[in-house]
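S.K.: Mind folding the following:
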Amino acid sequence: MFNIVGNLVTQVSKTPFKQFVNANLFNAIGMNATSYDYKSAIAAGTFAEGIWRTGESLTNPGKVVATWPDSIDAAAGAGGVISTAKDAVCPQPC
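M.R.: Next comes the predicted model:
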């Protein structure tokens, strides 16, 4: 459902969903450390990278792989927002 809404925003605004939300929501209300762009979060030192395991089973611990979906724009409507605790609690100057 959220992916459909994300795609609808892209189609109507003629702007990629991530870019539209950054410009019209996050930046507009002062959430300057919030984005869909993990590269900016890494550069700012605010990115905590998630991990997952490949090949995991009851007898094999698998391999830990650090990952972030760089090319899944279609799923942006369903999640992928990167933020800080400060932005989440108090987006505008408190």
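S.K.: all helices of this structure, in order?
M.R.: Assigned helices in the chain, in chain order: 2-13, 17-21, 38-44, 85-89 (criterion: DSSP state H).
S.K.: Mean pLDDT lowest where, among those helices?
M.R.: Mean pLDDT is lowest for helix 38-44 among the helices of the chain, at a mean of 81.
S.K.: Can you give me the buried ones in it?
M.R.: Using 16 or more other Cβ atoms under 10 Å as the test for burial, helix 38-44 gives Ala41. Any C-beta I mention is one placed from the backbone N, CA and C, and that applies to glycine too.
S.K.: ok, Phe17 - how many residues close by?
M.R.: A count of nearby residues for Phe17, using other Cβ atoms under 10 Å, gives 23.
S.K.: quick one: it and Gly6 touch, right?
M.R.: Yes. Counting by Cβ atoms under 8 Å, Phe17 touches Gly6, with 4.5 Å between them.
S.K.: which of the helices of the chain sits most buried?
M.R.: Sort the helices of the chain by mean neighbour count, taking mean count of other Cβ atoms under 10 Å, and helix 17-21 sits at the top with a mean of 19.
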